[in-house]
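In: A structural model of the following input is requested.
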Amino acid sequence: MSQPLTSLSGHTTPILTLPDAAQDIYDGVRDMPIISPHGHCNPRWFAENPAFADPAELLIIPDHYILRMLYSQGVALEDLGIGVPPEKRDARAIFRIFANHWHKFRGTPSDAWFATTMARTFGITATLNAENADTFFDKIDAELKAARLRPQALLEEFNIEVLATTDNALDDLSHHKAARKQKLSGKIIPTFRPDSILDPKHPDFKADIVKLAEVTGQETESFGGYLEALRDRRAYFMAYGATATDHAVADLMTCYLTEKRAAALYAKACSGKITPKEAQVFYGHMLTEMAQMSAEDGLVMQIHAGSKRNTNSALYNKFGAHKGADMPVQVNWVEGMDALLNRVGNERDMNILLFTLDESAYARELAPMAGHWPALRLGPPWWFHDSANGIARYLDQVVETAGYWNLAGFNDDTRALMSIPARHDMWRRGVSLHLAQQRGRGILGRSDVDEIAQLLCRDLAIDAYKLGKVV
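Out: Numbers count the residues shown, from 1 in each chain. Purely as a prediction, here's the structure:
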């Protein structure tokens, strides 16, 4: 017999429990509006306001944290609906598989995020298992048909003040244009993601350079024309509210070439005759060009490094990217950022945000760098590390060298809209625990704690992402 969904017995809502001193701090920030300045939600949701099709589409299929764990336990991605046309998916069967394996997520942040989402959004406090899977499914499925769980309504229910999406540099932003005409409680803004037109190793580089000429009206056969086309696209994104660019960097290296050398490498890249080493050099130069453009137009520059993408070749060849096979790798930040920072790092009015999956770099390189260069801010723990322990490790390793004001607050970096409040709640609990410990050790006073809690949970993200004109 299935357990009632409101039962409080057994394993329920695994969230970070706080001592009284931390609870007091948390109570002051728990209900603050959410600033979500970097993530991967679909802007179509807010333009068209569709109902989510079913619990599998909502909670399982877009979440690579869930996919990777289930795959590691022998579950075929096809059985989770990956690579299967929506009309042929059996959502209930997918959810049953998910429920049968749910106990294997204990100790992971997914466990806490899911439990928090179930309790706060659906009023479900029982623990998911094989016996109550259908009851869970039916409850969630019925709720999804209600107006309050449409994307536009969720912006208000979740108290999301700003939500930034991540958009291909060639996107016409039609969904953002449509969303701007809606009466939304929060702002939806794009982010300029130019990887496919900067990195010659990107599989779409040659085709997208041709498209870049088409959408901008600029000739991209010459290197000079190519740079003007990039400036055109940046301005286009800014016209629809973008405040930031985003760059995924597999092997961090920046350089600054002569115009003649850069043009020669660009010609080789467009012809498909560039070598892997030359491609890396060209991309390193273009990251520096992007930084210089940011110094000119004010767009914040995000650099995400320390991830080896798509390490499972068989999965990538069959299903494409974002299926849970990306892995942390080491990064040499000091050498990798040297050329870029010595071009623009002393600029006081630009923000470059650094994110890594290489935790060993926090205290060794990133905190000292952010604590020196005026243009640098250190992004929050990312991906594998936006967990209770990851947040604690991050704050412990960076604050003494970088301070608090050189951090960028928090972002959820998610494709799963329903998980956004849970992810921010985990950060706010982690911040409260950290600050309570700092106060208990005599490092901070009570007024310091209240100010820094507000900074870490909202104000630093607004400042780092230049959202002052958006909120």
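
In: tell me, what residue is most central in the protein?
Out: The geometric centre of the chain, computed from its C-alpha atoms, lies nearest to residue 413 (CA atoms, centre = their mean), at 1.9 Å.

In: for that one, which three-state class applies?
Out: Secondary structure, DSSP: H, G, I helix; E, B strand; the rest coil: residue 413 is coil.

In: how close does the residue nearest to residue 403 when sequence neighbours are not counted sit to residue 402?
Out: Nearest non-adjacent residue to residue 403, counting by CB to CB, 6 or more residues apart in numbering: residue 371, 6.5 Å away. To be clear about C-beta, it is placed using only N, CA and C from the backbone, and glycine gets the same treatment. Counting by CB to CB, to the nearest Å, the gap between residue 371 and residue 402 amounts to 4 Å.

In: before we move on, back to that, surely the residue nearest to the centre of the chain and residue 381 touch.
Out: No: using CB atoms under 8 Å, residue 413 is not in contact with residue 381; the gap is 10.1 Å.

In: how near is the residue nearest to the centre of the chain to residue 250?
Out: Using CB to CB, which is the criterion applied here, residue 413 is 17 Å from residue 250.

In: show me what contacts the residue nearest to the centre of the chain?
Out: When contacts are counted by CB atoms under 8 Å, 6 or more residues apart in numbering, residue 413 is found next to 38, 39, 40, 382, 383, 386.

In: angles on the backbone of residue 165, please.
Out: Its backbone dihedrals place residue 165 at phi -100, psi 170, with angles given as degrees, to the nearest 10.

In: got the contact list for it?
Out: Under the criterion of CB under 8 Å, 6+ apart, the contact partners of residue 165 comprise 39, 40, 41, 42, 43, 176, 188, 189, 190, 191.

In: what's the neighbour count on the second one?
Out: Meaning residue 40. Other residues within reach of residue 40, judged by other CB atoms under 10 Å, total 18.

In: so what's it closest to, chain neighbours aside?
Out: Of all residues beyond its chain neighbours, the one nearest residue 40 is residue 415 (4.4 Å), with distances taken as CB to CB, 6+ apart.

In: and that neighbour, how far from residue 333?
Out: Distance from residue 415 to residue 333, counting by CB to CB: 27 Å.

In: which of these two has more neighbours?
Out: Neighbours per residue (other CB under 10 Å) separate residue 415 from residue 333, with residue 333 holding more: 23 against 17.

In: tell me where this structure has strands.
Out: Taking DSSP state E to define them, one finds strands in the chain at 34-36, 160-164, 167-168, 187-189, 192-193, 244-249, 300-305, 307-308, 327-328, 352-356, 376-378.

In: looking at those, which is nearest to residue 21?
Out: Among those, the nearest to residue 21 by CB to CB is strand 34-36 (24.4 Å).

In: give me the sheet partners of the closest one and which way each runs.
Out: According to DSSP bridges, strand 34-36 forms sheet pairs with strand 160-164 (parallel).

In: now the strand it pairs with and strand 244-249, what's the angle there?
Out: For strand 160-164 and strand 244-249, the angle between their directions (axes from the mean of the first three to the mean of the last three CA atoms, to 10 degrees) works out to 50 degrees.

In: mean confidence for strand 160-164?
Out: Averaging pLDDT along strand 160-164 yields 98.

In: same question for stretch 443-458.
Out: Average pLDDT, stretch 443-458: 97.

In: could you dump it to CSV, C-alpha only?
Out: These are the backbone C-alpha positions of stretch 443-458, laid out as CSV (Å, rounded to 0.1, in the frame of the first residue of the first chain):
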residue,chain,number,x,y,z
ILE,A,443,35.8,37.2,12.8
LEU,A,444,32.5,39.0,12.0
GLY,A,445,30.1,41.0,14.2
ARG,A,446,26.3,40.8,13.9
SER,A,447,26.0,43.9,11.7
ASP,A,448,28.7,42.4,9.4
VAL,A,449,26.8,39.2,9.2
ASP,A,450,23.5,40.8,8.2
GLU,A,451,25.2,42.9,5.5
ILE,A,452,27.2,40.1,4.0
ALA,A,453,24.2,37.7,4.0
GLN,A,454,22.3,40.3,1.9
LEU,A,455,25.3,40.7,-0.4
LEU,A,456,25.9,37.0,-1.0
CYS,A,457,22.2,36.1,-1.5
ARG,A,458,21.2,39.0,-3.8
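
In: need the strands of the chain in TSV (columns: mean neighbour count and distance to residue 440).
Out: Output for the strands of the chain, formatted as TSV (neighbours: other CB atoms under 10 Å; distance: least, CB to CB, whole Å):
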stretch	mean neighbour count	distance to residue 440
strand 34-36	25	28
strand 160-164	23	31
strand 167-168	20	44
strand 187-189	23	38
strand 192-193	24	42
strand 244-249	22	36
strand 300-305	23	34
strand 307-308	18	36
strand 327-328	16	32
strand 352-356	27	29
strand 376-378	22	24
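
In: mind giving me the domain split of the chain?
Out: Described in terms of automatic domain parsing, the domain architecture of the chain consists of the residue ranges 51-149, 156-464.

In: what about the first one, start to end distance?
Out: Across its full length, domain 51-149 reaches 7 Å end to end, with CA to CA, to the nearest Å as the criterion.

In: next: the longest one.
Out: Start to finish, the residues bounding domain 156-464 are 24 Å apart (CA to CA).

In: closest to residue 25 out of the domains of the chain?
Out: For these, proximity to residue 25 was assessed by CB to CB; domain 156-464 is nearest, at 4.0 Å.

In: distance from the closest one to the middle of the chain?
Out: For domain 156-464, the distance between its averaged C-alpha position and the chain's averaged C-alpha position is 9 Å (CA atoms, centre = their mean, to the nearest Å).

In: next one: stretch 143-161
Out: When C-alpha coordinates are averaged (CA atoms, centre = their mean), stretch 143-161 and its chain have centres 20 Å apart.

In: touching that stretch from outside, list them.
Out: Looking at stretch 143-161 with CB under 8 Å, 6+ apart, the contacting residues turn out to be 31-36, 45-46, 49-55, 58, 121-122, 163, 182, 184-187, 417-418, 420-421, 471.

In: just the buried members of these?
Out: When those are checked for burial by 16 or more other CB atoms under 10 Å, the buried set is 32, 34-36, 45-46, 49, 52, 54-55, 58, 121-122, 163, 184-187, 417-418, 420-421.

In: those residues in helices, which ones?
Out: Counting by DSSP state H, the buried ones among the contacts of stretch 143-161 place 45, 46, 55, 58, 121, 122, 420, 421 in helices.

In: next one: the residue lying closest to the last one once chain neighbours are set aside relative to residue 402, how far apart?
Out: Meaning residue 421. Taking CB to CB, 6+ apart, and ignoring the residues beside it in sequence, residue 421 has residue 158 as its nearest neighbour in space, at 4.9 Å. Going from residue 158 to residue 402 by CB to CB gives 30 Å.

In: and what of residue 313?
Out: With distances defined as CB to CB, the gap from residue 313 to residue 402 amounts to 38 Å.

In: and those two? Which one has more around it.
Out: Counted by other CB under 10 Å, residue 313 and residue 402 do not tie: residue 402 has more neighbours, with 22 against 9.

In: go ahead and confirm that one touches residue 372.
Out: No: with contacts defined as CB under 8 Å, residue 402 does not count as touching residue 372, sitting 9.2 Å away.
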